[in-house]
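[1] Curious how this folds, go ahead:
(2 chains)
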Amino acid sequence: MVACAPEARIPDNAVAEHTQLAIYPDYRDIVIPSNIAPLNIQAKAEECNAFVACIRGSKGNAVLAAAGRDGKLLFPETEWHELLKANQGSDLRVTLYSKLKDADQWRQHDDYTLTVAEEIDPYLSYRLIEPSYELYRQLGLYQRDLTTFREDVIYENNDDFEAEHNHCINCHNYQNYSTQNMLFHVRAEHGGTVFVKDGKADKRIMLNDSILGNAVYPSWHPTQPWLVFSSNQTGQAFYIRDKQKIEVVDYGSDLIFYDAEHNTVSNILKTPTEMENFPCWAPDGKRVYYCSAYVAGLDTVAVTDKDRRSDVILREYDKVRYNLMSIAFDEKTRTWGQPQLEMDCVRDSLSVSVPRVSPDGRYVLFTLGSYGQFHIWHSSSDLYVKDVQTQEIRPLTEANSPDVDSYHTWSSNGRWIVFSSRREDGCYTRPYIAYFDKEGRAHKAFVLPQEDPEYNLLRLKSYNVPELTRDAVSTTPEALREVIYNDDKVGRVGYAGK
Amino acid sequence: MLRKQLPYIVGFVLLAFFCCYEFGPVLRHLAEENYVSLERLPMAYVLRRSLGMLFWVGRFLMLPLQSQWLGGLYVALLLTLSAWLADKSLCLRQQWRGLGFVLPVLVMGWAAYRGYNLYMRNEPSQLILWIWGLLLLTSIGAGISALLLRSADRKTDCKTNCKTDCKTDCKAGSKEASQMSVRPYGLVVGLVALVTLCGGTYAGRQNLLLSCEMQNLLIDEDWEAMNEAALSARRPDRSVAAFNVIALNQMGQVLERAFELDYDYPTVQLDSIGGMDEGVNYIAECNLHAGLVQPAYHYAMEQLVMSGPRLRYFKLMALTALINNERALCEKMLHVISQMPLQSGYVEHMRELLNDESQRDSEPMIARIRQFLPQEDKFEQNFRTPAFLGYNVGVLAGTDETLNTSVAAALYSKDMENIILRASYLQQKRTLPLCVQQALVIASFKRPGLLDRFPGIDKFVQNEVQNFAIEAAPLSKDKSEEGKELMRKTLVDNWKGTYMYYYYCGNLNQTVQRKTETAVN
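    Residues are numbered from 1 along each chain as shown, chains lettered A, B, ... in the order given. Predicted structure coming up:
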């Protein structure tokens, strides 16, 4: 709830103080998209009972916001967008004023800047789920219009508990930043993978005796109806004293190729001692990046003996490390080349996860942690890029934090990255946006703006798998529900391999 | 005037007794299972449900329950009003006044019948919504009656209607008063219903009453009173036993007094809503007080996922974050709690602890929990479930305090190899408690020479165990359920409180512990 704000007016005779007024979220000195929704803030100063913010650019009218004791400075949307549009490519200066409770005197605090850069894709979709362990109840996929504060439901599971309908949804993914071709998985009751093609949805069971297990982490070919998935055997364990809380481990994973048009699957890499994971197709469609870990002894345990395989991994979970790999793909013959090492993480006692290639194909963005692959629970995880042209690998220091920084996506113009971070409280992930400039440097990340600045403190769900798209998902939640609940016409995929 | 209202005064007093005293702990505990805020975000789970808006309102109506006495009086007042309005609705003669108490008794009887289902995995505002719903219904009924009466009055003079029921209601005279003094049927029926409610609840739901009382006492950190409550149970269930162990653990008497209770758990009827085990009621707290701070947080989070926002779990998560020095997470939880009315005192106190490490470390309950913090980097999956029990049975390296609880867990699990192993360490630290000595003597029946390794075992203990064995021997031949029951009943008076009695007669239907199968969300 936002209290009624006083009239927004620059205070007369404010005394300039060279102090910073504490604000939440931290939007100081950041680069922002020219189409982003207002960056509303909450000023934090218990000794004050009124606040004013003024944003000025070299062009256009200043935008003002005022707040009472709650400190919530909410900028008018129309004026905000006009100011940003007028000042794209230049800086805005934000001046904050506060009024002490006990004195009729305003203070003017140090300015900070907002640099207005290129636009970001207008839609961000994500899953909202509690940072939970094994159980799930209400969860859903949502899309946020980044130019406003509007959040729409893509799909929500059952509102009330019904054992026969209880299901989880995950891994939503889009082809080339468009929602015309998309997918997400449904687990437990009504399980399957929902594909949406040109607004029409259907459900498929991505299981076949010739592949390791279910199709899990997806990557669309940029233009063709093809996907590469990892097929994983996954388990998890809960720490009894570590603050990281959860360890998610794979005890088996391969790469598979899926032809969505013919509903057939085939193995790409099916190796007994290597675990391949998190495939990502390069934007030219000629290469797939992925992660791979060697686990000695895994080949001695039958694939079906999940308990023993899980035990093998859990005994050595902090020594399982993944390298960054790639494999060439010939579109004409649909054949795969030999795996190629892109980064020897094991040598550096590091482990890679979630490679994502920039739209121009030049940068591979990934997460590095001390071990494992599910870095969303590893506080050591940070974002890195590899410049494919120069082979240079470097951390995105300006965007990273001491806590978890993982699951990331590029904007379609390659100038923005959005990623999940637990930096706020160590537990609930929030989407952070960072500018990625033409020199390949990332800038300070900022949390997804909300109409009420307190929003992130009160939302009791984590944001999973942020994905940017140019357009909004047009298939209605009702249409998706109908497809998901209809288990009658669903068949397993065929196998197209040898 | 007083005579006319006598049924309601008597009824209110009885209801107040029930709602403040007998059922008061349950109402007070319901307030801990509640969470409400004007903010929509933390209420998102509730609002997504089919009757979400109604539940949201209901949760606000539960706010007075945060005080046992005020909450009890509040509920008693609402129910008495309902009874009065029900009488009005029916235009009862004076002698039948009080009959309306049957309806509140039915509502509270339903609440008692529901037992743990009043809040476990169920929406906690259901009861208060029924209570307000009854008030609303009887108000409507009374309103309609009043309208009908007024219209009847307009048509006919009251005098001509002196034989009708309605007349007695509009113009009570001395005649009715005298009738009432002779035949107060309504009052009698109401009294019988209320007394039946009180008696029935005590007879049929003692464990619910005790469990809630103990949970309230846990908030007050009154360990002695928790233990007293547990000992008063006729046949304690798992919740009562679990909260008793927490109290004993806090008092440092878990090995001395854990077997004072008769461990013969009754079956608890629970609704099947994503599970139906009663552990929901106590596992988070047991994990916390066993020093398993992260598993406590884990369990609380799972319950928030399944049951929606609850003050009890937010507080527990804030406390675990505080103990674990996760400042930002603790502050987040406190921020969420601060959105609920009447929680400023708690939040202020916690923030003081958060900002003052020395104050936090000197807080007795926290200091005690810290004594049990795990020393090994392990996963919950390395141990049996529930974590607090599995960890204590399986722990290999812990603090001295954990040695006590791990011996207690081995005793509870009747795990003789573990008892022997742990007792050998324990005897290097302290004199072996009586129950451990008794357990070792039992173990020595099948392990000749065992007692040579435990020279501290009293001869008297050996004789006592022998005496038990002599008395139990003829009874132990019958392995049927009836035979076991006979053995229990025969031995209980002389031997309850000893480990021998627990070993042979207690906790005979232990649930099979399983390794948790997990799936990633």
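[2] Just the C-alpha atoms of the host helix or strand of residue A:293, please, in PDB.
    For residue A:293, the enclosing helix or strand under DSSP states H and E is strand A:287-294. Provided in PDB are the C-alpha atoms of strand A:287-294 (Å, rounded to 0.1, in the frame of the first residue of the first chain):
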ATOM      1  CA  ARG A 287      27.100 -24.500 -33.100                       C
ATOM      2  CA  VAL A 288      25.700 -25.500 -29.700                       C
ATOM      3  CA  TYR A 289      27.400 -24.500 -26.500                       C
ATOM      4  CA  TYR A 290      27.000 -26.600 -23.400                       C
ATOM      5  CA  CYS A 291      28.600 -27.700 -20.100                       C
ATOM      6  CA  SER A 292      30.200 -31.100 -19.500                       C
ATOM      7  CA  ALA A 293      31.600 -32.800 -16.500                       C
ATOM      8  CA  TYR A 294      33.600 -36.000 -16.200                       C
END
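[3] What residues sit buried inside it?
    In terms of neighbour count (16 or more other C-beta atoms under 10 Å in any protein chain shown), strand A:287-294 has its buried residues at A:287, A:288, A:289, A:290, A:291, A:292, A:293. Backbone N, C-alpha and C define where each C-beta goes, glycine included.
[4] so the first one touches residue A:328, yeah?
    Yes - Residue A:287 is in contact with residue A:328 according to C-beta atoms under 8 Å; the separation is 5.5 Å.
[5] mind checking how far residue B:480 is from chain A?
    36 Å (C-beta to the nearest C-beta, to the nearest Å).
[6] That residue - how many residues pack around it?
    The number of residues packed near residue B:480 is 8, by other C-beta atoms under 10 Å in any protein chain shown.
[7] secondary structure class for residue B:38?
    Following DSSP: H, G, I helix; E, B strand; the rest coil, we place residue B:38 in the coil state.
[8] Please give me every residue in contact with the residue of the stretch 251-400 of chain A found nearest chain B.
    With C-beta to the nearest C-beta as the measure, residue A:314 is the residue of the stretch 251-400 of chain A nearest to chain B, at 6.9 Å. By C-beta atoms under 8 Å, 6 or more residues apart in numbering or on different chains, residue A:314 lies in contact with A:235, A:237, A:247, A:249, B:379, B:381.
[9] if we go to 7 Å?
    A:237, A:249, B:379 (C-beta atoms under 7 Å, 6 or more residues apart in numbering or on different chains).
[10] Who wins on neighbours among those?
    Most crowded among the contacts of residue A:314, counting by other C-beta under 10 Å, is residue A:249 at 23 neighbours.
[11] After whatever helix or strand residue B:114 lives in, which helix or strand is next?
    Following DSSP H and E, the helix or strand that holds residue B:114 is helix B:102-114. For helix B:102-114, the following helix or strand on the C-terminal side (DSSP H and E) is helix B:126-155.
[12] Report the mean confidence score over that next one.
    Averaging pLDDT along helix B:126-155 yields 92.
[13] With stretch A:362-373 instead?
    97.
[14] list the buried ones in that stretch?
    Going by 16+ other C-beta under 10 Å, stretch A:362-373 has these buried residues: A:362, A:363, A:364, A:365, A:366, A:367, A:368, A:369, A:371, A:372, A:373.
[15] can you list the weak-confidence ranges in the chain?
    Just going to use chain A. Scanning chain A for pLDDT under 70 picks out the ranges A:1-5, A:498.
[16] look at chain B instead
    Counting by pLDDT under 70, chain B contains low-confidence ranges at B:1-2, B:156-182, B:510-519, B:521.
[17] which bits of it sit near chain A?
    With C-beta under 7 Å from any C-beta of the partner chain as the criterion, chain B meets chain A at residues B:38-39, B:41-42, B:45, B:48-50, B:273-274, B:292, B:294-295, B:298, B:301-302, B:304-306, B:324, B:326, B:328-329, B:332, B:335-336, B:339, B:373-374, B:377-381, B:391, B:518-521.
[18] List, one by one, the residues from the stretch 351-498 of chain A near chain B.
    Neighbours of chain B within the stretch 351-498 of chain A, by C-beta under 7 Å from any C-beta: A:424, A:425, A:426, A:427, A:455, A:457, A:458, A:459, A:460.
[19] Now do the same for the closest residue to the second one other than its chain neighbours: helix, strand or coil?
    What that stands for is residue A:425. Distances taken as C-beta to C-beta, 6 or more residues apart in numbering or on different chains place residue B:328 nearest to residue A:425, at 4.1 Å, with adjacent residues excluded. Of the three states, residue B:328 takes helix under three-state DSSP.
[20] gap between residue B:368 and residue A:393?
    49 Å (C-beta to C-beta, to the nearest Å).
[21] didn't residue B:497 look like it was pressed against residue B:261?
    No - counting by C-beta atoms under 7 Å, residue B:261 is not a contact partner of residue B:497; they are 8.8 Å apart.
[22] quick one: which of those two has more around it?
    Neighbour tally, residue B:497 and residue B:261, criterion other C-beta under 10 Å: the higher count belongs to residue B:261, 23 against 16.
[23] Tell me which residues touch that one, please.
    Applying C-beta under 7 Å, 6+ apart to residue B:261 gives the contacts B:230, B:236, B:241, B:244.
[24] Between those, which sits nearest residue A:223?
    Using C-beta to C-beta, residue B:241 is the member of the contacts of residue B:261 that lies nearest residue A:223, at 64.3 Å.
[25] Residue of the stretch 201-350 of chain A closest to chain B, please.
    residue A:237 (3.8 Å).
[26] residues touching that residue, list them.
    Counting by C-beta under 7 Å, 6+ apart, residue A:237 makes contact with A:247, A:314, B:379, B:381.
[27] So the second one, which state does it fall into?
    To tie it back to what came earlier, the one meant is residue A:314. Recorded secondary structure, residue A:314: helix (three-state DSSP).
[28] Same list (the contacts of residue B:261) but as a markdown table, adding neighbour count and secondary structure.
    Listed next are the contacts of residue B:261 as a markdown table, based on neighbours: other C-beta atoms under 10 Å in any protein chain shown; DSSP: H, G, I helix; E, B strand; the rest coil:
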| residue | neighbour count | secondary structure |
| --- | --- | --- |
| B:230 | 26 | helix |
| B:236 | 25 | coil |
| B:241 | 21 | helix |
| B:244 | 26 | helix |
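[29] tell me which of these is nearest to residue A:320?
    Of those, the one sitting nearest to residue A:320 (C-beta to C-beta) turns out to be residue B:241, at 41.3 Å.
[30] do you know how far the spatially closest residue to the closest one that is not a sequence neighbour is from residue B:270?
    Leaving aside its chain neighbours, residue B:241 sits nearest to residue B:261 (5.8 Å; criterion: C-beta to C-beta, 6+ apart). Distance, residue B:261 to residue B:270, by C-beta to C-beta: 21 Å.
[31] give the contact list for the residue in the stretch 1-150 of chain B that chain A sits nearest to.
    When scored by C-beta to the nearest C-beta, the stretch 1-150 of chain B has residue B:41 as its residue closest to chain A, at 4.1 Å. Applying C-beta under 7 Å, 6+ apart to residue B:41 gives the contacts A:455, A:458, A:459.
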